[in-house]
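**Q** Any chance you can model this:
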Amino acid sequence: MEIKSAEFIISNAVVSKCPNTNNPEYAFIGRSNVGKSSLINMLTGRSKLAKTSATPGKTMLINHFLINNEWYLVDLPGYGYAKRSKKDKDKLEVMISSYILKREQMINLFLLIDCRHEPQKIDLEFMEWLGENGVPFSIVFTKADKLGGGKLKQNISFYLKELKKQWEELPPYFITSSENKTGRQEILDYIEQINKEVMTGA
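**A** Numbers count the residues shown, from 1 in each chain. Have a look, this model is predicted:
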């Protein structure tokens with residue numbers, strides 16, 4: 001897939017106010033500071049489309065970006081940011097779960113995982129919740145450029161081994177780097193393939 005256009009459409013805190021179209025949506029989510037904005041900018045080839053912030057956990061809204069006038073890339077708030085108040089955490093939890101469970105246009109959720117760290121309880125529990133609710137998702141390992149080839153392979157292998165304890169069949173996964181564009185074409189081709197299936201009703 002080639003990205004010809006990418007434009008910001010709307011930010012909001014209520015699922016019912018998301019764009020009223022039938023365009024397929026691909027949502028991106030992850031813990032704060034996982035490199036989500038950088039990944040979105042890398043995928044779309046627009047360096048300032050998603051605002052990167054020095055303050056982790058700043059995204060508090062659902063952001064819709066229209067890609068190629070065909071599908072939406074949706075930037076969801078990050079979870080697990082320790083410095084948020086309980087009220088804010090509860091509000092975000094409701095917003096995120098409402099979008100994921102009620103938004104029929106969402107075709108796939110891309111869950112971002114920092115490949116430098118060992119499996120985190122909060123991510124594993126989130127995946128379990130997605131599985132229990134039948135939500136289609138893929139894993140995106142970020143920041144691959146921060147590790148050497150051997151260590152990267154070792155970390156990914158360990159993560160997948162950990163997932164196999166809970167999952168009979170592993171979700172699709174991608175290894176990415178926003179710095180050197182690793183994984184960009186693979187993710188875009190994956191989205192294109194799903195779009196074709198949606199359009200043909202396969």
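**Q** ok, and what's touching stretch 85-99?
**A** 13-15, 18, 27, 29, 60, 62, 74, 76-77, 79, 84, 106 (C-beta atoms under 8 Å, 6 or more residues apart in numbering). Heads up, the C-betas are built off the backbone N, CA and C, glycines and all.
**Q** pLDDT of that stretch, averaged?
**A** Mean pLDDT, stretch 85-99: 86.
**Q** what comes up buried for that stretch?
**A** When burial is assessed from 16 or more other C-beta atoms under 10 Å, stretch 85-99 yields the following buried residues: 92, 95, 96, 99.
**Q** Tell me how far that stretch lies from the chain's centre.
**A** 17 Å (C-alpha atoms, centre = their mean, to the nearest Å).
**Q** Any idea which helix or strand in this protein has the lowest mean pLDDT?
**A** None of the helices or strands of the chain scores lower by mean pLDDT, DSSP states H and E than helix 86-102, at a mean of 88.
**Q** Centre of the chain to it, how far?
**A** For helix 86-102, the distance to the chain centre is 16 Å (C-alpha atoms, centre = their mean).
**Q** what do you get for stretch 102-109?
**A** 12 Å.
**Q** for it, how far is the first residue from the last?
**A** Distance between the two ends of stretch 102-109: 13 Å, counting by C-alpha to C-alpha, to the nearest Å.
**Q** so residue 134, which of the three states?
**A** Going by DSSP: H, G, I helix; E, B strand; the rest coil, the secondary structure assigned to residue 134 is coil.
**Q** Determine the number of other residues adjacent to it.
**A** By other C-beta atoms under 10 Å, 7 other residues sit near residue 134.
**Q** what do you get for residue 142?
**A** By other C-beta under 10 Å, neighbour count at residue 142 equals 25.
**Q** From residue 29, how far off is the nearest residue to it once chain neighbours are set aside?
**A** Nearest-residue entry for residue 142: residue 35, 4.4 Å, with adjacent residues in sequence omitted and distances by C-beta to C-beta, 6 or more residues apart in numbering. Noted for residue 35: a distance of 12 Å to residue 29, by C-beta to C-beta, to the nearest Å.
**Q** Equivalent analysis for residue 60, please.
**A** 13 Å.
**Q** which residues do those two both contact?
**A** residue 77.
**Q** the more surrounded of the two?
**A** Higher neighbour count among residue 60 and residue 29: residue 29, with 24 against 14, using other C-beta under 10 Å.
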